[in-house]
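**Q** I would like the atomic coordinates for the input below:
(chains A and B)
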Amino acid sequence: MESIKKVKICLAGNPNCGKSSLFNNITGLRQHVGNYPGVTVEKKEAFVTKNGYELQIIDLPGIYGLSASSEDEIVARNVLIEEKPELVIDVVDSSNLERNLYLYAQLSELKIPVIIAMNMTDILENKGQKIDYKKLEEKYNVVAVPIVASKNKGTEELLKVVTDVLSKKKTVKPVSIDYGKEINKEKDTICKLVSEDLNLVLKYPVNFLAVELIKKESYAIEKIKRSKDSAKIIEQVEKSNKKIFDLHNENLEAVFADKIYDWIKVVVSDVLSKSKEAKKDFTEAIDKIVLNKFWSVPIFLLVMYIIFKFAFTVSEPIVGWFEAGIGWLSDFATGVIPEGIFQSLIVDGIIAGVGGVLGFFPQIICMFFAIAFFEDTGYMARAVFIMDRVMRKFGLHGKSFASLLIATNGCAVPAMMASRTIDNPKDRIITLLVTPFMICGAKLPIFALFIAAFFSKNSTQAANTMFIFYALSIVIALFSAWVFKKTLFKGEPGYFVMELPPYRVPTIKGLLLKMWERGWLYIKKAGTIILLMSVLIWAGLTFPKVDEEKLGDISEEEVAAAQMDQSYIGKLGHFIEPVIKPIGFDGKMGIALIAGLAAKEVVVSTLGTIYSMGETDVEDEEAVGSLADKIASDPDWSPLKSVAFLMFCLIYVPCIVAIAVFYREAGSRLKWLIILFAWTTVLGYLLSFIVYQGGRLLGF
Amino acid sequence: MMTLINGKENTLLRFLAFDNIAIDERKKLVDLGFVPGEELKVLRGMRSGFITVLLKGGKIALDNNSASKILVKEV
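**A** You can find the predicted model right below:
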């Protein structure tokens, strides 16, 4: 039996070229998301068996070229150069061939077979253009397969070519860029010197290294420094660099880029032809409206409102089904498990805790779906630029907003990691400090719970309240950024440049896949950390047991209240109560906030367990059903207290995982961690105090 | 010669050079196609808060900080 050969394949491409769609088409749901070793840049990979090969597919971060500056670009370049994949699939936006072939030309110098996945050929067709693939391969050695990743067209054909190349049935000849006589001469001289060190030859593509050395790229120089011939090579590099600079009187990146673009111009003019009349391109027409100076911000706010309205309206009936399902499960468990401590653990601890959090799953996935829709249309890339104008007034720029958007779209952890794309270290630290203020997927259940309890006569009122809190989170983040900029990080924010993708119609499959990817993380968290915390909170409320005989003849509710009072958590609640009383909180609210440090959803699961364990001093027993109903009927709560509580939840210290990532991303400096703790605690307390005491003075 | 910040909508410009620019920023712009002699069309001027240009078939958005370091002339 023939053995399966393992090969490593990298998916490379410009940002927004459809790389992730192709990755999803190839790998389905088999993908694994982790980090590249030593850095917090996300690494997506999956294993697929095809035609006798086990393909390890790695989805690299989007890059325009190999001259990397941000952390994710450096990671992409290092994987390509140092991990030596057997093959690279370069995903190219065929409707923007000229720019996309730039990366291809650089990749082909790595001496790894590169196959182009010529994506978005449907858009190219709409533009009335076609590519002569035969000529592209025969005349220019460029192997390309047409695909439409968004519709999963051409994936099988692409994989067939990939395995044909791996099995040598098909060969990919390297593309050779003519840099001109003088540069070629200098390049050859350096190549010769580098080739004398076998270590360098075995480790790096010599031709590529020579080009990077002439440009005096610091990472290439670093690699040479380890060579026994480093002095000789560096001396020659200095000479060659000076010679070429004198000849062109231009920065060397531009000189080399110019030669690559010359090659691209020749190729594109030869293989790309007009086949028919172009269909009208709506991108510019839409941009005229959405990027308008006066309309852009109101349109952005409208888009955000639509997202919340969609999330609350569509999820409303499903939330009801979830709650009914959890209620049924609770009744079922109570019926089948004999009364006692084990039943309490399952019903009051696990079902009430985890169920309380899972009850908001429909709202969360509906919001992920709506955000994915606007992302896939190409609007969110514009939103980042629209917000750049606003962000600059507070000393930040659009890339910081991208991080805030990622936090809103799921979690502060990837949002903090995304801040690695920010080149200016000061801007990065400010972004890291303000990212936790956003209402992430974990905080969403807390807001959804209290909105359901006090502010949801209908889905419109719920969406409006949520929208106000989201707007408030942005205001608090901007205010904090402004304070940091005026005090700790004086100076101008860094540059912001990006390519705006054309508008596209998203596919249902793509949206569902994104929704599932993000939603799955939420479920996973519910089954791990939230489950564990629910059990711990239950144990803290159950032990030490009160001696019922000593309590005398009292009702079940009074026994439950006494148990709560004397439990470990009850005692902790009493201990912290004097500190949190001025902001309107009692012991159980304080316990929920402390437990929320493990993960913000735990605030909800803790309240779920507390209310399930008996201290439900509710006014109308008949009306009580869901956790929101229990809270609404509890005289310890009021709409004013809930606003103060939500204000505190919005601002106070992020969860433990976010704290760890913050510390690492902020260069493991204790100073920033102390500032994060101090600022979030003081600001959270102060604003909650103002809301609660101010509200009381106004008669709320 | 002027900086891109002064580029008016729908005008065709030729990129000349960078002015007082950091290496990383220059590299990124070069990767995006800002090579001397290249023509670009201004799609949206600075009054929108940022400038959008059509360069090598792609739409590039730049903040005023970057646009002020790009030297161009009208074609």
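**Q** What's the biggest helix in the chain, counting residues?
**A** Picking chain A for this. Using DSSP state H, we find that the single longest helix of chain A is helix A:296-336.
**Q** sorry, should have said chain B
**A** When chain B is parsed with DSSP H, its longest helix is helix B:23-31.
**Q** ok but B:Leu16 is inside a helix, no?
**A** No - per DSSP: H, G, I helix; E, B strand; the rest coil, B:Leu16 lies outside any helix segment and is strand.
**Q** dump the residue contacts of it.
**A** By C-beta atoms under 8 Å, 6 or more residues apart in numbering or on different chains, the contact set of B:Leu16 is B:1, B:36, B:71-73. All C-beta atoms are positioned from the backbone trio N, CA, C, and that covers glycine.
**Q** just those now: which is nearest chain A?
**A** Using C-beta to the nearest C-beta, B:Pro36 comes nearest to chain A of the contacts of B:Leu16, at 6.0 Å.
**Q** Please, a ChimeraX command that selects the buried ones among the contacts of B:Leu16?
**A** What follows is the ChimeraX syntax for the buried subset of the contacts of B:Leu16, where burial is set by 16 or more other C-beta atoms under 10 Å in any protein chain shown:
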select /B:36,71,72
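**Q** And the strands in the stretch 1-150 of chain A, which stretches?
**A** A:5-13, A:32-35, A:42-50, A:53-59, A:87-93, A:114-119, A:129-131, A:144-146 (DSSP state E, counting those that start in this stretch).
**Q** can you list the weak-confidence ranges in the chain?
**A** Just so you know, I chose chain A. Scanning chain A for pLDDT under 70 picks out the ranges A:1-2, A:29-42, A:278-279, A:409-410, A:421, A:493, A:614-625.
**Q** that answer is for a different chain, and I need it for chain B
**A** Scanning chain B residue by residue, none of them satisfies pLDDT under 70.
**Q** Residue numbers of it in contact with chain A?
**A** For chain B, the contact set with chain A under C-beta under 8 Å from any C-beta of the partner chain comprises B:17-18, B:22, B:24-38, B:43-44, B:47-50, B:52, B:55-63, B:65-66.
**Q** repeat that for 7 Å
**A** Contacts of chain B with chain A, taken as C-beta under 7 Å from any C-beta of the partner chain, map to B:24-33, B:35-36, B:43-44, B:47-50, B:52, B:56-63, B:65-66.
**Q** so what secondary structure elements neighbour the helix or strand containing A:Arg428?
**A** Using DSSP states H and E, A:Arg428 sits within helix A:425-434. Judged by 3 or more C-beta pairs under 7 Å, 6 or more residues apart in numbering or on different chains; DSSP states H and E, helix A:425-434 is in contact with helix A:398-408, helix A:459-487, helix A:670-697.
**Q** nearest to chain B, of those?
**A** Between chain B and the helices and strands packed on helix A:425-434, the shortest gap by C-beta to the nearest C-beta is with helix A:398-408, which sits at 7.2 Å.
**Q** from the chain's centre, how far out does the closest one sit?
**A** 9 Å (C-alpha atoms, centre = their mean, to the nearest Å).
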